[in-house]
Every structure is written in C-alpha cells, then in structure tokens.
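# any chance you could fold what I've pasted below:
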Amino acid sequence: MKPQYILLISFLLPCCVFAQTSTQTQKDSLRLMIVRTEGKEKLDTYMRLTNIYYAEAKDKLKRDTLFALYDELDAEAVRQGNDKQRAVVRANKLLILNGTQQYDEVIRLAPGYLEFVEKIQDWNKYYQLYNPYIAAFRAKGEGDTALALARTMYEHAKAKQHRSGMGLAFYYMAQIYSLQRRFSEQEECLRECITLIKDSIATINILPNAYNQLSHSLTSQKRYDEAIRIADETLPHIRRYEEVSRLSQPNAWLNLFKVYLGVFIQSGQFDKAEIYCNKIDSISNGTFPLQEERAAIYLSRKHYDKALAVIDKGIDIASPEEKLSLMGRKMLILIEMGDVEASQQLFRDIVVVLDARHNTQMNAQLDEIRTLYEVDKINAEKERIRNYLLFALAGCLLLALILGIYIYYNRLIKNKNRGLYRQIKEQDHLAEELERIKQLYEKETATAPIDDATPPPFGDLRQRQLVANFSKYLSDERHFSNAEIDFDVIISALATNRSYFFEAVKAVTGKTPKDYIHAMRLEEAKQMLETRYDLTVEVIAEECGFNSRSAFYRHFRERYQMNPTEYRKISLGQ
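Model prediction:
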C-alpha cells in the first residue's frame, strides 16, 4: 500500500471512531435524562433520542431499538394523557416502515392509526398519515387502489372544510398520475394543490415539492417556458420555508436545481444545464448521479471521449435499472461517433439484459403461481376429505363449504388474470422501448458502412424496408382485418416475389407472414377490448379479421393465457 494511503487512513480512522463515540455518548446521556425527568420534559427527551435513531433506521438492529423506544414513548404518553404525542409516534412509524419498503406492514397498521388520530381530531396529522399509506399501495403497483384512497381522503377533508387536507389529497393524486404518465391530470391536481396550500404554514414543506412536480409535468409535456416560469415561482417559497423553519433547506434547493437541469437538458440548452449540474454537485458534494446529463452536455459539444468516460463511470456504480438506461445512452453516443461495430455489440448486450430481466421476472411470477397452486392443491385435498366426513353429519354445511371453495377459486383465478394483465402491459412497454431503440439504431446506421463479416441484427436494409411496407399495407384501410386476405395480392402490391417476401418477413420479424398478421390482429383486438366497450367480443373478433368466435378465443388464449372476456374484465378493473 502506498504511504500516502496509509497516512490518509490513519487520519480518517480516528475521525470515524470519534463520530461513532460522540453519537453513542449522546444516546447514553439522553437515556439517563429519561430516567431522571418527568412530564413534558421526559417526552421531549424521548423524542430527541428517537430522532437520533430515526436517522439510522435503515440498519435493522437500530430500527428495532427505535421501535422499542417508540413503544416506551407511547406508554409514557398514555400515562400523561398526551394523545398528540401518540399521533406523532404513529406517523413516524409509518414513515420508517414505508422508507424501508415494508409496504404490507404499512397497509396493515395504517387504518388503525388513522382511526386513532381521527378520534383525537388532530386533522393535520391525520391527513399526513395518508402519505405513507397511499405511497405503500403506489409502490406495490396498485395505482388504482392508491388513487381511490387519495379520493377518499379528499372527500373527508372537503367535508371537514380542511383546505390543507384537500391540497395534500390533490398532491398524492398527482404523484399517482405521474407514475401512470397521465401528465395533464397530474398538472390539474398540482395546480389545485398549490392553490389550496399556498397560505398554510402546516404544509410549507410540501409547497416547493408541488411546484417542482408541476415543472416536471410541464417539461414532460414539452412546455419548457411554462416549466421555467413555475420553477422561478418556487424560489420565494423555499426562502419562506427557511425563514419559518429557521433552518437552511439544501434538499429543497437540490430538488429545484434538478428541475432547472431537466428543463434545460430536454430543451437543448446545454450551457445552462451545465451550470445547474455544477450547482447540484456543489450542494450534494458530488453524491448525486448526473452521468446521463453530463454525457448529454459533452455530446452536444462533440466531446465524445468525455461523454463515454462519464457513462462508463456511471455504468460501474449504477443499479440494474439505471445501468440499462446508461447503456442505451452509450449506444447513441457510439452511433453518433460512427462506431457501428461497437454500437451493434452494445445493442445486442442491451437486448440480452432486457431478455434476462424479463425472464427473471416471469420465472419468479411463475414460481409464485406454481407454489400457490401446489399449496392450494394440498389444501383442496384436505378440504375434500373433511367434506366427506361432514357430509355424513350435515349435507347443508357441505354445500356451504363447496360454495366457499368456489368463490375462493374464482378469486384466485381473477388474481392470476390480473397478474397476467400486468405482465402483458409490462411486455407492451418493453416492446415499445425496444422498438424505439431499434428505430434509433436503424436511423443512425442506415447510411453507415457495415462490415460484411458482421451480419445485421434484424435483416438487411432492403428486407427491413419491405417489411415496413408490408406493415403499412396491413395498417392502411385495415387490410389485416380481411379474414380472406390474399398473399398474392399483397405481394403484387409490394412489387416483389413470393419467395423473397416470405424470406424477408421471417428474417426481420422471426415470424411467417401469416403469424405476423395474426399478431397484428391480436394486438388490435387487445386495444379494442380495452377501449371499445360499446362492441361485443364477437364484433371485435369480426372487426379484427377472425372468421369465427372459437378461432379468436383460441388464438387470444395462446397469446395472452386468458380469454378475451376475462381480459376485458381485468382492463375494466372488475
């Protein structure tokens, strides 16, 4: 080891030990004060001690200690009749559980906590308790449940004429709409939120976040000038927040700088974007990842080596989700540099990562379904034996049990179909993302020289153009919906020959022309099942080119593992 490293370690080690010792000394001192004090001072001392542990709650052992302290604090608050303190304990518990991704525990505890706080009519704390409750459903992917909960909260606050509660409900709804990419609805909720909470001290910490999210929403809608105007309006509210709290608020400034950075990056104002990159690095001491933004700035200046160096550094430390995004950005840089071979290899790597991630998720879900099935099968066998014995004693009871089992299995099938529906939507999203990357790749490499020894990843240029014309022909005037479609007519319209046409479709799509048309029909049918509620399943089948109801049901089940009627029910949330 180099001498300078040894010197650095010898300097830092005592500092770390001192920091740990100092924190422990604080904890020990506060524990002694708890024993020696009474009344409000005792409760305040408990809160000071729990605040130290709160900052360390990601560590499971310290989190367990913190929860034990909360139980002691709650018992002391009961003894002193301080219900408001008990409400604070419950709110903090939910925030910690949500922050450590224990979403099921949040969902289990939240209703009881809300009921308690409602009884003592601490409405500010009551509406704040909804935050981790709604966030838990949102994190579990149950957006509709989260949205329904936020609307319930709004109706409650409206009945109480509690403006802050109504504003927070709109704020929580906006977060859900953001995840669902429903930006116009998100914008409407945030504007309502800002109007309702602008003059409230209780929500002064939320107001800058509401402005920031509104700017993000406007940026997503490419309304850049409005986004900057809203960001500018945030400045006085952060300063007011600091004045009221009598503390600096670096996180509020950091979030605002991220808003400016996002607007300038997406609107192509890279010199201004670099200013905010530097500001973010300054306020976060370089701990906030900005690899994609820095790479975009370098790329705008044709500094390819710097852009690649930043991206490679980010890939080394990124999470799996972030790594995939950085790999996509790197591929675009290589394409712009004209390095076709490297970009092709990286494209293949991205496809491999996408396939591996999808297979992992699918296998995990299949394993879970298989386990449930085995458990249910064993339970069903036991239930059947028990029912035979009960039949001799009470036939009516047996009928009731059979009815219960029937309802249970219907619910299990419905849950399985919902899981399959979510998988289908996720696959659609992944397919759209892959198609977008593929189109970018084709656009950038269409005129680039390609080494003859390296085969193109999805057919040659002529084949891809032919398949694109084939797809356009099928889409135009909905030719794909013709159940008696004639390939000779198609081949004539495309001005090609039969063997080359079949070979091109297979090379580019991996399907035969007939299978390709079937896939297009099924995709159209899936969309119509979700949107055209005025049409029956039979009419949709006919509109999409299936000449019989049974054929449509068979092909749809083969593709999506459920029949069209079940799919429509799930899409309606039934």
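# okay, CA-based contacts and neighbour counts for the rest of this
OK.
# how close does the residue nearest the centre of the chain get to residue 142?
In the chain, the C-alpha closest to the average C-alpha coordinate belongs to residue 179, at a distance of 5.9 Å (CA atoms, centre = their mean). For residue 179, the distance to residue 142 equals 11 Å [CA to CA, to the nearest Å].
# for residue 463, same thing?
Computed as CA to CA, the residue 463 to residue 142 distance reads 43 Å.
# of those two, who's got more company?
residue 463 (19 against 14; other CA atoms under 10 Å).
# give me the element the closest residue to the more buried one other than its chain neighbours is part of.
In space, and not counting its chain neighbours, residue 463 is closest to residue 504: 4.9 Å by CA to CA, 6 or more residues apart in numbering. Using DSSP states H and E, residue 504 sits in helix 498-509.
# which residues sit against that helix?
With CA atoms under 8 Å, 6 or more residues apart in numbering as the test, helix 498-509 has contacts from 458, 459, 463, 464, 466, 467, 488, 491, 511, 512, 513, 516.
# just the buried residues of those.
Buried members of the contacts of helix 498-509, counted by 16 or more other CA atoms under 10 Å: 458, 459, 463, 464, 466, 467, 491, 511, 512, 513, 516.
# can you list the domain ranges for this structure.
Following automatic domain parsing, one gets these domains for the chain: 338-443, 458-571.
# in stretch 93-113, what's buried?
Judged by neighbour count (16+ other CA under 10 Å), stretch 93-113 contains these buried residues: 93, 94, 95, 96, 97, 98, 103, 106, 107, 110, 113.
# same thing with stretch 292-307?
292, 293, 294, 295, 296, 297, 298, 299, 304, 307.
# which of these lies closest to residue 219?
Here the nearest of the buried residues of stretch 292-307 to residue 219, counting by CA to CA, is residue 293; it sits at 15.3 Å.
# find the nearest non-adjacent residue to the closest one, please.
Leaving out its chain neighbours, the residue that sits closest to residue 293 by CA to CA, 6+ apart is residue 265, at 7.0 Å.
# residue 212 is in contact with residue 254, isn't it?
No. Taking CA atoms under 8 Å as the definition, residue 212 is not a contact partner of residue 254, at 10.6 Å.
# those two: which is more packed in?
Comparing residue 212 with residue 254 by other CA under 10 Å, the one with more neighbours is residue 212, at 24 against 18.
# farthest pair within the buried ones among the contacts of helix 498-509?
Pairwise over those, using CA to CA, the maximum falls at 458 and 491, 20.9 Å.
# so residue 350 touches residue 327, yeah?
Yes. If you go by CA under 8 Å, residue 350 and residue 327 touch, sitting 7.0 Å apart.
# picking that back up, can you pull the pLDDT of the residue nearest to residue 463?
As predicted, residue 504 sits at a pLDDT of 91.
# repeat for the one 3 residues further on
Among the per-residue scores, residue 507 shows a pLDDT of 90.
# how near is it to residue 467?
In terms of CA to CA, residue 507 sits 10 Å off from residue 467.
# quick check, nearest of the contacts of helix 498-509 to residue 167?
Closest approach between the contacts of helix 498-509 and residue 167, by CA to CA: residue 516, at 49.6 Å.
# report the contact partners of that closest one.
Neighbour list for residue 516: residue 509 [criterion: CA under 8 Å, 6+ apart].
# which parts of the host helix or strand of it are buried?
For residue 516, the enclosing helix or strand under DSSP H and E is helix 513-531. For helix 513-531, the neighbour count (16+ other CA under 10 Å) marks 513, 516-526, 528-529 as buried.
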